[in-house]
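Chemist: need a structure here:
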Amino acid sequence: MHPYTVPEAIRARVVRLQGRPHALDRIEAARTALVVVDMQNYYMAEGYPNESPVARAIVPNVNRMATALRAAGGRVVWIQTDSREALAKWGNHHRYKLTPENAARRIERLSETDEGFKLYRTLEPRPEDLYVRKIKFSAMIGDSSNLDRVLRDNGLEVLLIAGTKTNVCCESTARDASMMEYRVAILSDGTATLTDEEHAAALNNFQVSFGDVMTVDEAVARNDPRLQRHAMVGDGAGRRHPYAIEMLVGRDAPEDVAQHGQPVRLAHDEGVQRHRQHQRPLDALLQHLLELAQHDLGVDRGILAEMDDRNEVVGLDGVGNVEERT
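Modeler: Below is the predicted model of the structure:
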């Protein structure tokens, strides 16, 4: 892996700008995606002209981060470059930035029918993961891919970026995501490129202006598997009745029968997974439970309250989506 330590001058600039070394003090797993960029044979396997040898060394870290995030209730997104529409949607790059030979080779080896397109053999993707194909360096820009829609449809707002190359597709995707209101962190030991210098320059620049840079260990330590929200109903007389909902999205969480005034615990696989078809699965579940509470109490007005880890209300909204406040 690339040896990387945040330079003291960079750390001081970051702290001066945002008051602390990392903006992501806590990673709410249920809203977080590990976005793994271009870890395909074309960019990693021995003998390929575009290989980054160091990328093979980060595979264990990427697998470990993926396993930890899935277990906490987050998602893993595998991004693969697909050359099928490259000439139609990114023609100038292939005509003017690459020689005809290099352009033809890129089109051929990143075709979905070529071995170069496949994910590297020691990675550990799962059937429940999300898979996105992109055309351009950034997976977020314009018509490069549908990544933005996939993330929003799954209620994912925090992105951990892994993959290769750090200073090309990873950084491009991370920067654009930051501009599109995602909270983003690049994993310094979960990304790789051709040289230590390019890797460090990309990470240094990104954390000053766009998002966080952290190690896999730091990201795993910040994983918060619990998403606490509460539904409350108003009785028209200024009183609110708690219909407490505690979402435990770890795989070992028990599932209890929902009863008025009692916490509702739902296992990730059996509970949250059943609601994946909703754009905001947890909000949809909250709304359903709130409707049950309203029926039990005979009231016609509902409020969703989002609580932080100190049990303080940080967002209120009517029945439906929770208003986000950071």
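
Chemist: tell me how many other residues surround Arg11.
Modeler: Residues near Arg11, counting by other CB atoms under 10 Å, number 15. All C-beta atoms are positioned from the backbone trio N, CA, C, and that covers glycine.

Chemist: list the contacts for it?
Modeler: The neighbours of Arg11, taking CB atoms under 8 Å, 6 or more residues apart in numbering as the test, are Pro21.

Chemist: cool, and Arg84?
Modeler: By CB under 8 Å, 6+ apart, the contact list for Arg84 reads Ser111, Glu112.

Chemist: okay, it and Thr113: tell me how far apart.
Modeler: 10 Å (CB to CB, to the nearest Å).

Chemist: what count of nearby residues applies to the spatially closest residue to Leu110 that is not a sequence neighbour?
Modeler: Nearest residue to Leu110, sequence neighbours excluded (CB to CB, 6 or more residues apart in numbering): Ser83, at 3.9 Å. For Ser83, the count of nearby residues is 22 (other CB under 10 Å).

Chemist: one more: Pro7?
Modeler: Pro7 is flanked by 12 other residues according to other CB under 10 Å.

Chemist: which element is the nearest residue to it once chain neighbours are set aside on?
Modeler: Closest residue in space to Pro7, ignoring its immediate chain neighbours: Asn204 at 6.6 Å, by CB to CB, 6+ apart. Taking DSSP states H and E as the definition, one finds Asn204 inside helix 196-209.

Chemist: give the buried residues for that helix.
Modeler: Across helix 196-209, burial judged by 16 or more other CB atoms under 10 Å covers Glu198, His199, Ala200, Ala202, Leu203, Asn204, Phe206, Gln207, Val208.

Chemist: can you check stretch 73-87 too?
Modeler: Under the neighbour-count criterion of 16+ other CB under 10 Å, stretch 73-87 has Gly73, Gly74, Arg75, Val76, Val77, Trp78, Ile79, Gln80, Thr81, Asp82, Ser83, Ala86 buried.

Chemist: and these as a markdown table, adding secondary structure?
Modeler: Converted to a markdown table, the buried residues of stretch 73-87 look like this (DSSP: H, G, I helix; E, B strand; the rest coil):
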| residue | secondary structure |
| --- | --- |
| Gly73 | coil |
| Gly74 | coil |
| Arg75 | strand |
| Val76 | strand |
| Val77 | strand |
| Trp78 | strand |
| Ile79 | strand |
| Gln80 | strand |
| Thr81 | strand |
| Asp82 | coil |
| Ser83 | coil |
| Ala86 | helix |
